[in-house]
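*Asks:* This is a predicted model, with the sequence first.
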Amino acid sequence: MSNFIKPKMVRIMNSLSIDMVPIKKGSFMMGEGENQKKVTIEHDFYMGKYPVTIAEYMHFVKDVKEHYPEWMTENYKNVNYNSYKDMNLTDNAPIIGISWHDATAYCKWLSEKTKENYRLPTEKEWEYACRAGTTTKWSFGDDGKELEKYAWYDENSDSTTHEVGQKKPNPWKLYDMHGNVWEWCEDWYDEEKKYKVLRGGSWNYDANFTCSADRDWGNPGNRSVNIGFRLLRTLPSDLEDS
């Protein structure tokens, strides 16, 4: 039986709704090559259908009056203007210029507003959702010539992010899991706990970084033109099959 159940719109507040996709628990082969291992996800969860958008994030910023994306700060004006001036900063583009701390603050705010548990996905949850039951290099197979249909990366992005949901989804109807923006994960990347895991690749990285198993790292305080995040919502009980 497929782990994918029909997605639905979750009403967050009167003026904010976010598409979440329910994912059933299960096992999968995580990683690649000699480092591949079987991993079991023991709980059902909801995953954001898309990366968090600028419009969704700005609800939070306007409410708390902090955690501004870098392109709304003095750093943007004085230091990194050239990094953002050509970026797609429309409402439906993925939020960029936010740190891991900003992303987790958004999740905490959303949890308090809704009385539900929103957080960043763990690295295991992220890859499980990205693979969507597949064992291939990408969720659509091993043929890199098909990547153009599923991802924004350095060869087709025109050096900017793009509005979410413009490319094909993976088998569980999650969009932009390959490319567009790197996505913060909950986990530490290293034993010294200096860096957080990044997944998915981005608009300015090559195709190999968009693979389901590829991983990178970022300083949790870093804000970048190519890093965003995706929501995960935990559930009080297992999803019922439809």
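*Replies:* Received, thanks. None of the values given here were measured: they were computed from a predicted structure.
*Asks:* quick one, longest helix in the chain?
*Replies:* The helix that spans the most residues within the chain, counting by DSSP state H, is helix 100-114.
*Asks:* Check which helices and strands that helix sits against.
*Replies:* Secondary-structure packing of helix 100-114 (3 or more Cβ pairs under 8 Å, 6 or more residues apart in numbering; DSSP states H and E): strand 8-13, helix 54-64, strand 118-119. Where C-beta positions appear, they are placed from N, C-alpha and C, glycine not excepted.
*Asks:* what's near enough to touch the residue nearest in space to the middle of the chain?
*Replies:* Note on the chain: the residue nearest the mean C-alpha position is Arg230, at 3.4 Å, using Cα atoms, centre = their mean. Arg230 sits next to 47-48, 50-52, 120-121, 126, 183 when contact means Cβ atoms under 8 Å, 6 or more residues apart in numbering.
*Asks:* How about His162?
*Replies:* Contact partners of His162, counting by Cβ under 8 Å, 6+ apart, are 88, 93, 152, 180, 203.
*Asks:* Was I right to think the fourth one contacts Glu163?
*Replies:* No. Using Cβ atoms under 8 Å, Asn180 is not in contact with Glu163; the gap is 9.2 Å.
*Asks:* More neighbours: which of the two?
*Replies:* Regarding Asn180 and Glu163, a neighbour count based on other Cβ atoms under 10 Å identifies Asn180 as having more, with 31 against 17.
*Asks:* Grab the nearest non-local neighbour of that one.
*Replies:* Trp152 (4.5 Å; Cβ to Cβ, 6 or more residues apart in numbering).
*Asks:* From Glu127, how far off is that neighbour?
*Replies:* According to Cβ to Cβ, to the nearest Å, Trp152 and Glu127 sit 20 Å apart.
*Asks:* Looking at these two now, which is surrounded by more residues?
*Replies:* Between Trp152 and Glu127, counting by other Cβ under 10 Å, Trp152 is the more crowded of the two (27 against 24).
*Asks:* May I have the phi/psi pair for the more buried one?
*Replies:* phi -100, psi 120 (degrees, to the nearest 10).
*Asks:* go on, Met47?
*Replies:* According to degrees, to the nearest 10, Met47 has phi -120, psi 140.
*Asks:* Leaving aside the residues adjacent along the chain, what's closest to it?
*Replies:* Ala129 (4.8 Å).
*Asks:* Does that neighbour lie in a helix or a strand, and which?
*Replies:* Assigned by DSSP states H and E, Ala129 belongs to helix 123-131.
*Asks:* Could you tell me which ranges of the chain sit under the pLDDT cut-off?
*Replies:* 1-8, 10, 12-13, 75-82, 237-242 (pLDDT under 70).
*Asks:* Could I get the full set of strands for it?
*Replies:* Using DSSP state E, the strands of the chain run over residues 8-13, 16-23, 26-30, 37-41, 45-48, 118-119, 182-188, 196-199, 215-218, 227-228, 232-234.
*Asks:* before we move on, back to that, tabulate the helices and strands packed on helix 100-114 (JSON lines), appending mean neighbour count.
*Replies:* Listed next are the helices and strands packed on helix 100-114 as JSON lines, based on neighbours: other Cβ atoms under 10 Å:
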{"stretch": "strand 8-13", "mean neighbour count": "13"}
{"stretch": "helix 54-64", "mean neighbour count": "17"}
{"stretch": "strand 118-119", "mean neighbour count": "21"}
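*Asks:* closest to Tyr106 out of these?
*Replies:* Nearest to Tyr106 among those is helix 54-64; the distance by Cβ to Cβ comes to 5.0 Å.
*Asks:* packing partners for that closest one?
*Replies:* Looks like helix 54-64 contacts strand 16-23, helix 100-114 (3+ Cβ pairs under 8 Å, 6+ apart).
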